[in-house]
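Asker: Turn this into a model:
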Amino acid sequence: MRLPSSTADFAAQDDQWLEHFHRGDRATLEQCYQDYFTTVERAIGQLLSGADRETATHELFWRLLSSEDLRRSFQGGSFAAWIATVARNQAIDIRRVAARETSAVATDSGAATVGDWEEAAQARLLVERFRRDHLPREWADVFELRFLQQLPQREAAARLSMRRTTLAYREMRIRRLLERFLLVDATPATTTKGKAK
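Answerer: Numbering: from 1, shown residues only. Just a heads-up that it's a prediction; the model follows:
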């Protein structure tokens, strides 16, 4: 069952589509992907570019597939406006996390002040603690190439002889682990090694 082709505004006859969407019906979600990929990509593209834009776009559709709570947050009205808003909010979140990552992995520029040296040393220790206590070993290469070396997705996937979709999925999972680590666990508490799924 498709959204009306002329408009995404819902009326009583669209209750069945909404029920299919909330339930996570594969055909309905596939149609959403086909019909709204460009809408999502444009909304995200206002804030992110390149590989980050592409990853965020696919991550949003993955969240739509996997999260009933997210699907149920749409209660009718303009689906295009709703999904564009969700996409923009996700892009904002990704930019915030990226800004934290950049400051966490910043290296000493050689400016030679004691404060700069201490800050760079603390950032390196933080990265090492994340690697040791939270990052699954099999994701270490993705973390190194995408987060530390900042290689484009295509190049990183080629170096790792890995499908780009697999790399994007691992990158998304690492981003979530890193966000949790930076926001919640970045205290000197004892942690246990995370496991990959």
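Asker: Count the residues that sit near Met172.
Answerer: Met172 has 17 neighbours, counted by other Cβ atoms under 10 Å. Using the backbone N, CA and C atoms, a C-beta is placed for each residue, glycine as well.
Asker: Can you give the distance from the host helix or strand of it to the centre of its chain?
Answerer: Here Met172 sits within helix 164-180, counting by DSSP states H and E. Using Cα atoms, centre = their mean, to the nearest Å, the mean C-alpha position of helix 164-180 is found 7 Å from that of the whole chain.
Asker: Counting by contacts, list what that helix packs against.
Answerer: Helices and strands touching helix 164-180, by 3 or more Cβ pairs under 8 Å, 6 or more residues apart in numbering; DSSP states H and E, are helix 50-66, helix 79-104, helix 140-142, helix 153-159.
Asker: Do me a favour and average the pLDDT over the helix or strand hosting Thr39.
Answerer: Element membership of Thr39 [criterion: DSSP H and E] is helix 26-45. The average pLDDT within helix 26-45 is 93.
Asker: Same question for stretch 142-152.
Answerer: Mean per-residue pLDDT for stretch 142-152: 88.
Asker: Would you confirm that Ala98 contacts Asp52?
Answerer: Yes: contact criterion Cβ atoms under 8 Å: Ala98 and Asp52 qualify, at 7.3 Å.
Asker: Neighbour count for the two, which is higher?
Answerer: The neighbour count for Ala98 versus Asp52, taken as other Cβ under 10 Å, is higher for Asp52 (19 against 14).
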